[in-house]
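J.: with the sequence up front, the predicted model follows.
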Amino acid sequence: DDGDLQVLGPPVSYSVSLEPTQRRWLFALDMPVAAPAQAVRGADMTLVSRTSVDKLRRYTVTSTTHYRLDQTLDATHRFLALRLPQGFDPRTRELSQQWRNRYHSDDAVIQAALAMFHKDFFYTLNAPLLGRDSVDDFLFDTRRGFCEHFASAFTFLMRAAGIPARVVTGYQGGYYNTTGGYLVVRQSDAHAWSEVWLGGRGWVRVDPTAAVSPQRVEFGARAAAGASAPWYQANWLQAMRNQFDVVNRFWNNAIVQFDALRQRSLLTPFGIERADYSLLVGILIGSSTLLLALFAWWVLRTPRERRDRLDAAYARLCTKLARIGAVRAANEGPQAFSQRLLQMRVTDPCVKRLMESYVELRYAQPSASTAAVQAFAQAVRRLNVKATQHAPR
(Lines give C-alpha, C1' and ligand atoms only; values in the text may rest on other atoms or scores of the structure.)
Protein backbone atom coordinates (compact mmCIF):
# COMPACT_ATOMS: atom_id res chain seq x y z
CA ASP A 1 0.00 0.00 0.00
CA ASP A 2 1.57 3.31 -1.08
CA GLY A 3 -0.74 5.50 1.01
CA ASP A 4 -3.35 8.02 -0.04
CA LEU A 5 -1.55 11.35 -0.39
CA GLN A 6 -3.47 14.40 -1.60
CA VAL A 7 -1.16 17.29 -2.57
CA LEU A 8 -2.62 20.68 -1.60
CA GLY A 9 0.29 22.99 -2.35
CA PRO A 10 3.24 23.42 -4.71
CA PRO A 11 5.94 20.77 -4.29
CA VAL A 12 9.57 21.55 -3.51
CA SER A 13 12.57 19.64 -4.85
CA TYR A 14 15.88 19.42 -2.98
CA SER A 15 18.99 17.29 -2.57
CA VAL A 16 19.97 15.35 0.55
CA SER A 17 23.51 14.30 1.51
CA LEU A 18 23.10 11.54 4.10
CA GLU A 19 26.08 10.41 6.16
CA PRO A 20 26.47 6.63 6.67
CA THR A 21 23.92 5.28 9.16
CA GLN A 22 24.22 1.51 8.63
CA ARG A 23 20.42 1.56 8.31
CA ARG A 24 18.02 1.67 5.37
CA TRP A 25 16.01 4.76 6.32
CA LEU A 26 16.18 7.78 4.04
CA PHE A 27 15.13 11.19 5.30
CA ALA A 28 12.94 13.78 3.60
CA LEU A 29 10.61 16.66 4.33
CA ASP A 30 6.94 15.89 4.87
CA MET A 31 5.58 14.58 2.65
CA PRO A 32 7.71 12.95 -0.08
CA VAL A 33 5.70 12.84 -3.28
CA ALA A 34 7.71 9.89 -4.61
CA ALA A 35 10.64 7.74 -3.60
CA PRO A 36 14.12 8.56 -4.97
CA ALA A 37 16.11 6.07 -7.00
CA GLN A 38 16.91 2.75 -5.31
CA ALA A 39 14.29 3.33 -2.58
CA VAL A 40 10.61 2.67 -1.87
CA ARG A 41 7.94 4.71 -0.10
CA GLY A 42 5.70 3.03 2.44
CA ALA A 43 2.06 3.71 3.28
CA ASP A 44 3.21 5.83 6.24
CA MET A 45 5.29 7.96 3.82
CA THR A 46 8.63 6.66 5.14
CA LEU A 47 11.42 6.22 2.60
CA VAL A 48 13.40 2.98 2.75
CA SER A 49 16.55 2.30 0.75
CA ARG A 50 16.86 -1.01 -1.04
CA THR A 51 20.35 -1.35 0.47
CA SER A 52 21.93 -0.30 3.74
CA VAL A 53 23.32 3.24 3.85
CA ASP A 54 26.90 2.24 4.61
CA LYS A 55 28.54 5.15 2.76
CA LEU A 56 27.70 8.74 1.94
CA ARG A 57 24.39 8.75 0.07
CA ARG A 58 23.15 11.62 -2.07
CA TYR A 59 19.66 11.67 -3.49
CA THR A 60 17.02 14.09 -4.77
CA VAL A 61 13.48 14.23 -3.36
CA THR A 62 10.32 16.16 -4.15
CA SER A 63 8.05 16.86 -1.17
CA THR A 64 4.89 18.77 -0.38
CA THR A 65 4.37 20.55 2.92
CA HIS A 66 0.63 21.07 2.37
CA TYR A 67 -1.25 17.79 2.05
CA ARG A 68 -3.88 15.37 3.29
CA LEU A 69 -2.85 11.82 4.06
CA ASP A 70 -5.28 8.89 4.23
CA GLN A 71 -8.64 10.64 4.30
CA THR A 72 -10.14 7.17 4.76
CA LEU A 73 -8.74 4.61 7.17
CA ASP A 74 -9.35 0.93 6.46
CA ALA A 75 -10.14 -1.58 9.20
CA THR A 76 -6.63 -3.03 9.36
CA HIS A 77 -4.87 0.30 9.79
CA ARG A 78 -7.52 1.49 12.26
CA PHE A 79 -6.95 -1.61 14.36
CA LEU A 80 -3.20 -1.05 14.38
CA ALA A 81 -3.62 2.64 15.28
CA LEU A 82 -5.86 1.79 18.29
CA ARG A 83 -3.98 -1.21 19.64
CA LEU A 84 -2.71 -1.02 23.26
CA PRO A 85 -0.86 -3.57 25.43
CA GLN A 86 -3.20 -5.41 27.74
CA GLY A 87 -2.81 -5.09 31.50
CA PHE A 88 -0.70 -1.93 31.52
CA ASP A 89 -1.25 1.66 32.69
CA PRO A 90 -4.78 1.49 34.20
CA ARG A 91 -4.78 5.10 35.45
CA THR A 92 -4.04 6.45 31.97
CA ARG A 93 -6.88 4.38 30.51
CA GLU A 94 -9.28 5.70 33.15
CA LEU A 95 -8.28 9.32 32.44
CA SER A 96 -8.86 8.84 28.71
CA GLN A 97 -12.31 7.39 29.34
CA GLN A 98 -13.19 10.38 31.51
CA TRP A 99 -12.26 12.71 28.69
CA ARG A 100 -14.22 10.67 26.19
CA ASN A 101 -17.31 10.75 28.38
CA ARG A 102 -16.94 14.47 29.06
CA TYR A 103 -16.15 15.70 25.56
CA HIS A 104 -18.05 14.93 22.40
CA SER A 105 -15.36 15.55 19.77
CA ASP A 106 -11.90 14.24 19.09
CA ASP A 107 -10.53 17.77 18.91
CA ALA A 108 -11.72 18.44 22.47
CA VAL A 109 -9.99 15.30 23.76
CA ILE A 110 -6.77 16.35 22.02
CA GLN A 111 -6.93 19.83 23.55
CA ALA A 112 -7.53 18.35 27.02
CA ALA A 113 -4.34 16.30 26.75
CA LEU A 114 -2.30 19.25 25.50
CA ALA A 115 -3.66 21.48 28.28
CA MET A 116 -2.61 18.90 30.87
CA PHE A 117 0.92 18.78 29.46
CA HIS A 118 1.13 22.56 29.33
CA LYS A 119 0.07 22.97 32.93
CA ASP A 120 1.96 20.41 34.99
CA PHE A 121 4.86 18.95 32.99
CA PHE A 122 8.53 19.81 32.46
CA TYR A 123 10.97 19.14 29.65
CA THR A 124 14.33 17.62 30.60
CA LEU A 125 16.95 15.43 28.96
CA ASN A 126 17.65 13.82 32.35
CA ALA A 127 14.33 12.06 32.79
CA PRO A 128 13.67 9.94 35.91
CA LEU A 129 13.47 6.18 35.48
CA LEU A 130 10.01 4.68 34.99
CA GLY A 131 8.55 1.40 36.21
CA ARG A 132 6.35 -1.31 34.67
CA ASP A 133 3.43 1.05 34.07
CA SER A 134 5.68 3.61 32.43
CA VAL A 135 2.93 5.86 31.05
CA ASP A 136 1.16 5.98 34.43
CA ASP A 137 4.45 6.78 36.16
CA PHE A 138 5.19 9.58 33.70
CA LEU A 139 1.71 11.17 33.67
CA PHE A 140 0.92 10.96 37.38
CA ASP A 141 4.27 10.81 39.21
CA THR A 142 7.45 12.10 37.54
CA ARG A 143 5.91 14.47 34.94
CA ARG A 144 9.39 15.09 33.55
CA GLY A 145 10.82 13.84 30.29
CA PHE A 146 11.80 14.58 26.72
CA CYS A 147 10.05 14.29 23.37
CA GLU A 148 9.77 10.47 23.34
CA HIS A 149 8.01 10.52 26.73
CA PHE A 150 5.47 13.12 25.63
CA ALA A 151 4.83 11.57 22.20
CA SER A 152 4.34 8.05 23.53
CA ALA A 153 2.14 9.17 26.45
CA PHE A 154 0.00 11.37 24.18
CA THR A 155 -0.41 8.52 21.67
CA PHE A 156 -1.43 6.15 24.46
CA LEU A 157 -4.02 8.66 25.73
CA MET A 158 -5.48 9.09 22.26
CA ARG A 159 -5.74 5.37 21.57
CA ALA A 160 -7.31 4.75 24.95
CA ALA A 161 -9.90 7.42 24.05
CA GLY A 162 -10.69 5.68 20.74
CA ILE A 163 -8.74 8.11 18.51
CA PRO A 164 -6.32 6.41 16.05
CA ALA A 165 -2.82 7.69 16.79
CA ARG A 166 0.80 6.85 16.17
CA VAL A 167 4.27 7.99 17.19
CA VAL A 168 6.44 9.56 14.50
CA THR A 169 10.21 9.91 14.82
CA GLY A 170 12.42 12.11 12.70
CA TYR A 171 14.26 15.40 12.95
CA GLN A 172 13.13 18.87 13.87
CA GLY A 173 15.39 21.91 13.69
CA GLY A 174 18.86 22.28 12.25
CA TYR A 175 20.62 25.46 11.19
CA TYR A 176 21.15 27.14 7.85
CA ASN A 177 24.75 27.34 6.67
CA THR A 178 24.94 30.78 5.07
CA THR A 179 28.43 30.13 3.68
CA GLY A 180 27.50 27.01 1.76
CA GLY A 181 23.81 27.79 1.25
CA TYR A 182 22.37 24.58 2.71
CA LEU A 183 20.62 23.30 5.84
CA VAL A 184 22.54 21.12 8.30
CA VAL A 185 20.55 18.61 10.36
CA ARG A 186 22.39 16.68 13.07
CA GLN A 187 21.56 13.73 15.29
CA SER A 188 21.04 16.22 18.12
CA ASP A 189 18.01 17.47 16.12
CA ALA A 190 16.26 14.10 16.45
CA HIS A 191 12.66 14.49 17.61
CA ALA A 192 9.49 12.52 18.24
CA TRP A 193 5.89 13.67 17.87
CA SER A 194 2.45 12.19 17.27
CA GLU A 195 -0.11 11.93 14.50
CA VAL A 196 -3.82 11.44 15.08
CA TRP A 197 -6.33 10.37 12.46
CA LEU A 198 -9.38 12.64 12.21
CA GLY A 199 -12.38 12.06 9.96
CA GLY A 200 -12.23 14.06 6.73
CA ARG A 201 -8.72 15.35 7.53
CA GLY A 202 -6.64 12.19 7.59
CA TRP A 203 -3.47 12.05 9.63
CA VAL A 204 -2.83 15.29 11.50
CA ARG A 205 0.44 16.11 13.23
CA VAL A 206 0.32 16.96 16.93
CA ASP A 207 3.52 17.78 18.83
CA PRO A 208 2.81 17.47 22.57
CA THR A 209 6.37 18.56 23.39
CA ALA A 210 5.54 22.00 22.00
CA ALA A 211 2.79 22.31 24.62
CA VAL A 212 5.35 21.67 27.36
CA SER A 213 8.43 23.46 26.02
CA PRO A 214 8.07 25.68 22.95
CA GLN A 215 11.84 26.28 23.20
CA ARG A 216 12.41 22.66 22.09
CA VAL A 217 10.62 23.34 18.83
CA GLU A 218 12.07 26.80 18.34
CA PHE A 219 15.68 26.43 19.57
CA GLY A 220 16.39 22.70 19.81
CA ALA A 221 16.75 20.06 22.48
CA ARG A 222 19.86 21.44 24.20
CA ALA A 223 18.43 24.93 24.55
CA ALA A 224 15.09 23.64 25.86
CA ALA A 225 16.83 21.54 28.49
CA GLY A 226 18.95 24.45 29.66
CA ALA A 227 22.08 22.67 28.48
CA SER A 228 23.14 25.32 26.00
CA ALA A 229 25.68 27.68 27.55
CA PRO A 230 25.91 31.25 26.19
CA TRP A 231 29.24 30.51 24.51
CA TYR A 232 27.62 27.60 22.62
CA GLN A 233 25.28 30.04 20.86
CA ALA A 234 28.01 32.63 20.22
CA ASN A 235 28.15 34.06 16.71
CA TRP A 236 31.87 33.30 16.33
CA LEU A 237 31.30 29.63 17.16
CA GLN A 238 28.37 29.41 14.74
CA ALA A 239 30.58 30.92 12.03
CA MET A 240 33.34 28.41 12.79
CA ARG A 241 30.88 25.52 12.59
CA ASN A 242 29.61 26.88 9.26
CA GLN A 243 33.13 26.97 7.85
CA PHE A 244 33.86 23.45 9.10
CA ASP A 245 30.69 22.15 7.47
CA VAL A 246 31.71 23.73 4.16
CA VAL A 247 35.08 21.94 4.36
CA ASN A 248 33.33 18.69 5.22
CA ARG A 249 30.96 19.10 2.28
CA PHE A 250 33.86 19.77 -0.08
CA TRP A 251 35.57 16.62 1.20
CA ASN A 252 32.42 14.60 0.58
CA ASN A 253 31.99 16.01 -2.92
CA ALA A 254 35.59 15.86 -4.09
CA ILE A 255 36.89 12.76 -2.30
CA VAL A 256 34.14 10.55 -0.86
CA GLN A 257 31.82 10.92 -3.84
CA PHE A 258 34.61 10.28 -6.37
CA ASP A 259 33.21 6.84 -7.05
CA ALA A 260 33.71 4.50 -9.99
CA LEU A 261 31.00 6.17 -12.07
CA ARG A 262 32.59 9.62 -11.72
CA GLN A 263 36.03 8.13 -12.37
CA ARG A 264 34.87 6.57 -15.64
CA SER A 265 33.32 9.85 -16.76
CA LEU A 266 36.36 11.91 -15.75
CA LEU A 267 37.58 12.18 -19.36
CA THR A 268 34.22 13.05 -20.91
CA PRO A 269 35.28 16.69 -21.58
CA PHE A 270 38.14 15.29 -23.70
CA GLY A 271 35.88 13.18 -25.91
CA ILE A 272 36.27 9.88 -24.01
CA GLU A 273 32.81 8.80 -22.91
CA ARG A 274 33.81 5.93 -20.63
CA ALA A 275 37.34 5.34 -19.36
CA ASP A 276 38.18 1.88 -18.07
CA TYR A 277 40.44 1.20 -15.08
CA SER A 278 43.63 0.52 -17.09
CA LEU A 279 43.24 3.77 -19.05
CA LEU A 280 42.74 5.79 -15.87
CA VAL A 281 45.82 4.20 -14.28
CA GLY A 282 47.88 4.90 -17.39
CA ILE A 283 46.76 8.52 -17.50
CA LEU A 284 47.50 8.91 -13.78
CA ILE A 285 51.03 7.48 -14.17
CA GLY A 286 51.69 9.52 -17.30
CA SER A 287 50.46 12.80 -15.83
CA SER A 288 52.40 12.21 -12.60
CA THR A 289 55.58 11.49 -14.58
CA LEU A 290 55.09 14.60 -16.67
CA LEU A 291 54.58 16.78 -13.60
CA LEU A 292 57.71 15.36 -11.95
CA ALA A 293 59.72 15.90 -15.12
CA LEU A 294 58.55 19.51 -15.37
CA PHE A 295 59.46 20.10 -11.75
CA ALA A 296 62.91 18.57 -12.21
CA TRP A 297 63.48 20.67 -15.34
CA TRP A 298 62.49 23.82 -13.48
CA VAL A 299 64.88 23.01 -10.62
CA LEU A 300 67.81 22.05 -12.87
CA ARG A 301 67.40 24.94 -15.29
CA THR A 302 67.73 27.53 -12.54
CA PRO A 303 71.32 28.81 -12.88
CA ARG A 304 73.28 28.50 -9.72
CA GLU A 305 74.70 31.97 -10.14
CA ARG A 306 71.22 33.45 -9.69
CA ARG A 307 71.42 32.55 -6.07
CA ASP A 308 74.31 35.12 -5.69
CA ARG A 309 74.27 38.14 -7.96
CA LEU A 310 77.93 38.92 -7.32
CA ASP A 311 79.05 35.43 -8.35
CA ALA A 312 76.73 35.59 -11.35
CA ALA A 313 78.41 38.83 -12.52
CA TYR A 314 81.87 37.33 -11.97
CA ALA A 315 80.89 34.25 -13.99
CA ARG A 316 79.73 36.55 -16.80
CA LEU A 317 83.12 38.32 -16.68
CA CYS A 318 84.92 34.99 -16.95
CA THR A 319 82.72 34.03 -19.91
CA LYS A 320 83.66 37.21 -21.76
CA LEU A 321 87.36 36.56 -21.09
CA ALA A 322 87.02 32.97 -22.30
CA ARG A 323 85.79 34.26 -25.67
CA ILE A 324 89.23 35.80 -26.29
CA GLY A 325 91.05 32.68 -25.11
CA ALA A 326 91.57 33.57 -21.45
CA VAL A 327 89.87 30.59 -19.89
CA ARG A 328 89.78 30.35 -16.11
CA ALA A 329 90.57 26.92 -14.67
CA ALA A 330 87.90 25.33 -12.51
CA ASN A 331 90.18 25.38 -9.43
CA GLU A 332 91.66 28.82 -10.10
CA GLY A 333 90.86 31.65 -7.68
CA PRO A 334 90.35 35.27 -8.75
CA GLN A 335 93.81 36.49 -7.69
CA ALA A 336 95.62 33.65 -9.42
CA PHE A 337 93.49 34.23 -12.48
CA SER A 338 94.35 37.95 -12.43
CA GLN A 339 98.08 37.17 -12.38
CA ARG A 340 97.74 34.74 -15.24
CA LEU A 341 95.79 37.35 -17.25
CA LEU A 342 98.84 39.62 -16.99
CA GLN A 343 101.03 36.78 -18.20
CA MET A 344 98.60 36.35 -21.11
CA ARG A 345 99.02 40.12 -21.79
CA VAL A 346 95.38 40.94 -21.10
CA THR A 347 96.16 44.52 -20.18
CA ASP A 348 92.75 46.14 -20.40
CA PRO A 349 92.55 48.37 -17.28
CA CYS A 350 88.78 47.72 -17.06
CA VAL A 351 89.43 43.99 -16.65
CA LYS A 352 92.06 44.67 -13.98
CA ARG A 353 89.68 46.95 -12.05
CA LEU A 354 86.84 44.44 -12.28
CA MET A 355 89.02 41.61 -10.97
CA GLU A 356 90.19 43.78 -8.06
CA SER A 357 86.62 44.88 -7.35
CA TYR A 358 85.42 41.28 -7.22
CA VAL A 359 88.15 40.28 -4.76
CA GLU A 360 87.31 43.27 -2.56
CA LEU A 361 83.54 42.69 -2.66
CA ARG A 362 83.79 38.97 -2.05
CA TYR A 363 86.61 38.67 0.47
CA ALA A 364 87.37 42.07 2.01
CA GLN A 365 84.03 42.49 3.80
CA PRO A 366 81.40 40.26 5.42
CA SER A 367 78.70 41.21 2.95
CA ALA A 368 78.81 43.48 -0.07
CA SER A 369 76.14 46.14 -0.33
CA THR A 370 73.43 45.78 -2.90
CA ALA A 371 74.45 49.02 -4.58
CA ALA A 372 78.08 47.89 -4.91
CA VAL A 373 77.09 44.52 -6.37
CA GLN A 374 74.73 46.22 -8.79
CA ALA A 375 77.48 48.59 -9.92
CA PHE A 376 79.87 45.67 -10.44
CA ALA A 377 77.28 43.76 -12.49
CA GLN A 378 76.59 46.80 -14.68
CA ALA A 379 80.32 47.32 -15.30
CA VAL A 380 80.67 43.69 -16.37
CA ARG A 381 77.76 44.06 -18.80
CA ARG A 382 79.41 47.17 -20.34
CA LEU A 383 82.81 45.49 -20.70
CA ASN A 384 83.90 44.85 -24.30
CA VAL A 385 87.12 42.81 -24.42
CA LYS A 386 88.92 42.55 -27.77
CA ALA A 387 91.00 39.60 -28.84
CA THR A 388 93.89 41.86 -29.81
CA GLN A 389 94.46 42.82 -26.23
CA HIS A 390 96.43 39.67 -25.46
CA ALA A 391 98.88 37.34 -27.07
CA PRO A 392 98.85 33.57 -26.82
CA ARG A 393 101.18 31.95 -24.38
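T.: Yes, it's here.

J.: for the stretch 151-300 of the chain, which segments count as helices?
T.: For the stretch 151-300 of the chain, applying DSSP state H, counting those that start in this stretch gives helices covering 208-212, 214-219, 221-224, 235-251, 260-264, 277-301.

J.: where are the low-confidence patches of the stretch 101-250 of the chain?
T.: 214-243, 246-250 (pLDDT under 70).

J.: list the contacts of A364.
T.: Counting by Cβ atoms under 8 Å, 6 or more residues apart in numbering, A364 touches no other residue. For every residue, glycine as well, the C-beta is placed using N, CA and C.

J.: how about the helices in the stretch 1-150 of the chain?
T.: Using DSSP H, counting those that start in this stretch, helices in the stretch 1-150 of the chain cover 75-82, 90-102, 106-120, 134-137, 147-160.

J.: could you find the closest non-adjacent residue to V16?
T.: Y59 (5.7 Å; Cβ to Cβ, 6 or more residues apart in numbering).

J.: next one: T142
T.: Closest residue to T142 apart from its sequence neighbours, by Cβ to Cβ, 6+ apart: P128 at 4.4 Å.

J.: and the one you found, how many neighbours?
T.: Neighbour count for P128, taken as other Cβ atoms under 10 Å: 13.

J.: against H149, how distant is the residue lying closest to Y123 once chain neighbours are set aside?
T.: Excluding its sequence neighbours, the residue lying closest to Y123 (Cβ to Cβ, 6+ apart) is S213, at 3.6 Å. From S213 over to H149 the distance is 12 Å, taken as Cβ to Cβ, to the nearest Å.

J.: more neighbours: which of these two?
T.: With neighbours defined as other Cβ under 10 Å, S213 and H149 compare such that H149 has more, 26 against 23.

J.: wait, doesn't the more buried one sit right on L139?
T.: No: counting by Cβ atoms under 8 Å, H149 does not reach L139; the two are 9.4 Å apart.

J.: where is the longest strand in the chain?
T.: strand 190-198 (DSSP state E).

J.: and that one, what other elements does it pack with?
T.: Counting contacts by 3 or more Cβ pairs under 8 Å, 6 or more residues apart in numbering; DSSP states H and E, strand 190-198 is packed against helix 106-120, helix 147-160, strand 165-171, strand 202-206, helix 208-212.

J.: would you reformat the ones you listed as TSV and include distance to D54?
T.: As requested, those are exported to TSV (distance: least, Cβ to Cβ, whole Å):
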stretch	distance to D54
helix 106-120	39
helix 147-160	27
strand 165-171	20
strand 202-206	31
helix 208-212	32
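
J.: and Y67, which of those is closest to it?
T.: Among the helices and strands packed on strand 190-198, strand 202-206 comes nearest to Y67, with 8.5 Å by Cβ to Cβ.

J.: list the buried residues of that closest one.
T.: Of all the residues in strand 202-206, those buried under the rule 16 or more other Cβ atoms under 10 Å are 202-204, 206.

J.: kindly report the same for stretch 93-107.
T.: Using 16+ other Cβ under 10 Å as the test for burial, stretch 93-107 gives 93, 95-96, 99-100, 106.
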